[in-house]
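Peer 1: This is a predicted model, with the sequence first.
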Amino acid sequence: MFLTSCSNTGNSETEVAENGVKLFGDTLQVASDSPLIDKIVVETIEAQDYDLMLSSTGVVTAIPTAYAEVSAPFGGRVVKSMVHIGQYVKAGAPLFEISASNYSEVVKNYIQTKGEMELARKALDRVRDLHQNRVASEKDLDEAQQNYALALQEYRHAMAVAKEFQIDLEAAAVGQPMVVRSPISGKVLRNELVMGEYIKEDAEAKVVVADLSKVWVKANVSEMESPYVAGIQNVEVRLASRPDSVIIGRVAYTDGMLDAETRTMQTYIECVNTSGKMMPNMYANVRMSLKGQKHILIDKSSALQSSNGRYVLRRIAESTYVKTPIEAQSVEGGQLLVTNGLSEGDEIITDGAFYFIDYK
């Protein structure tokens, strides 16, 4: 064994020679008379068909567009409840009524501005007729047009405010209680209304409506597996409470970014739930498959481990190998599925790589 100084990449590195093996940085040269030459096998990497399976755990959740926590837009007193738990309601159906002074003010302002707008429009029509008959002046017409434009603007603003609070403009009348309606169609999952109770404006929702005919299962996919999510073809979901029952799902949506702490990507699996077996917050096991895809697979014995992670010895010339970092995940059959670091056509040591683990 001897030590000498050499340069491989422009930096001063150590050359070590033992058993006919020389080390130049991350590059190994094996002499033709080395006792290790007959103990290693080099193979060419070929992508092969493999049905990749991704496994994860998840939580059942309602689809956001089919879930509504309904609260009162104004502070007021509950005067009537119109639904019960388990009842199916359509979008726009009345849920409860409250008596609220702020609601009356919104309705009053709407009715008042509507009336003023209609009067301004009639006045404008009258001035136009007079102007055409040369009775009213150009100044009178301009003033009438300006008055109508201002009244119309006030009316539209009042109407927008009323619609924001889902007020039925055709049935609205001063002094009537406000009817709070369901924004979606679905089943009433929660109703905590108490007759005569005063609800504050910032109070938590008293009624929950959801359509659970379809639900999502939020599953976390690891950073290593995230590139394959787009190609997932089949998804099987098993509830923790019903492990023998398989529910077929599909990938509906992914966050598109990794969680900085868990290094996982949240994936949303959509499942048909007409039976009602899947309820929000249930735990589930998720199995996702990519069938008929080509992947690079190597035996675990081909990869060596360092403090920086896994690597393989890739042949770059006759009897010359370079330490090549790889990213891979364990799969069935004692193999590694390589996600980064190797390409089809690369040549690596597949048998006997452990003989070189001490060359650092």
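Peer 2: Nice, thanks for sending it over. Residues are numbered from 1 along each chain as shown.
Peer 1: Going by C-alpha atoms from here, please, whenever you check contacts or count neighbours.
Peer 2: Will do.
Peer 1: for this structure, what helix or strand is lowest in average pLDDT?
Peer 2: strand 2-7 (a mean of 40; mean pLDDT, DSSP states H and E).
Peer 1: Break the protein into its domains for me.
Peer 2: 2-48+298-356, 53-65+211-293, 78-99+177-209, 101-176 (automatic domain parsing).
Peer 1: So which of those domains is nearest Ala72?
Peer 2: For Ala72, the closest of the domains of the chain is domain 78-99+177-209, at 6.6 Å, according to CA to CA.
Peer 1: Are there helices or strands packed against the longest strand seen in the chain, and which ones?
Peer 2: For the chain, the strand with the greatest residue count under DSSP state E is strand 283-299. For strand 283-299, the elements it packs on are strand 48-62, strand 234-239, strand 335-340, judged by 3 or more CA pairs under 8 Å, 6 or more residues apart in numbering; DSSP states H and E.
Peer 1: So what's the model's average confidence on the first one?
Peer 2: Strand 48-62 shows a mean pLDDT of 86 in the predicted model.
Peer 1: and if you look at stretch 254-263?
Peer 2: What stretch 254-263 shows for mean pLDDT is 85.
Peer 1: looking at this, Met265 is in a helix?
Peer 2: No - using DSSP: H, G, I helix; E, B strand; the rest coil, the secondary structure at Met265 is strand, not a helix.
Peer 1: Mind jotting down where the strands sit in the stretch 201-350 of the chain?
Peer 2: 207-210, 214-222, 234-239, 242-254, 264-272, 283-299, 304-306, 309-317, 320-325, 327-331, 335-340, 347-351 (DSSP state E, counting those that start in this stretch).
Peer 1: Of these, which is nearest Asn19?
Peer 2: strand 320-325 (14.5 Å).
Peer 1: Would you mind writing the CA trace of that closest one as PDB?
Peer 2: Once non-C-alpha atoms are left out, strand 320-325 reads as follows in PDB (Å, rounded to 0.1, in the frame of the first residue of the first chain):
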ATOM      1  CA  THR A 320     -12.800   2.200 -14.000                       C
ATOM      2  CA  TYR A 321     -15.800   3.000 -11.800                       C
ATOM      3  CA  VAL A 322     -17.200   6.100 -10.300                       C
ATOM      4  CA  LYS A 323     -19.200   6.300  -7.100                       C
ATOM      5  CA  THR A 324     -22.700   7.500  -8.300                       C
ATOM      6  CA  PRO A 325     -25.200   8.700  -5.800                       C
END
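Peer 1: Confidence-wise, which of the strands of the stretch 201-350 of the chain is weakest overall?
Peer 2: strand 327-331 (a mean of 82).
Peer 1: So what's the gap between that one and the chain middle?
Peer 2: 25 Å (CA atoms, centre = their mean, to the nearest Å).
Peer 1: Then stretch 102-122?
Peer 2: 44 Å.
Peer 1: Any idea how far stretch 226-241 is from the middle of the chain?
Peer 2: Stretch 226-241 sits 14 Å away from the centroid of its parent chain (CA atoms, centre = their mean).
Peer 1: again, but for stretch 262-280
Peer 2: On CA atoms, centre = their mean, the centre of stretch 262-280 falls 12 Å from that of its chain.
Peer 1: Same question for that stretch: list its buried residues.
Peer 2: Within stretch 262-280, the residues scored as buried using 16 or more other CA atoms under 10 Å are Thr264, Met265, Gln266, Thr267, Tyr268, Ile269, Glu270, Cys271, Val272, Asn273, Met278.
Peer 1: what's the most distant pair in those residues?
Peer 2: Thr264 and Asn273, at 26.4 Å, using CA to CA across the buried residues of stretch 262-280.
Peer 1: and the closest residue in space to Gly352 that isn't next to it in sequence, how many residues sit next to it?
Peer 2: Closest residue to Gly352 apart from its sequence neighbours, by CA to CA, 6 or more residues apart in numbering: Ile40 at 4.5 Å. When neighbours are counted by other CA atoms under 10 Å, Ile40 registers 13.
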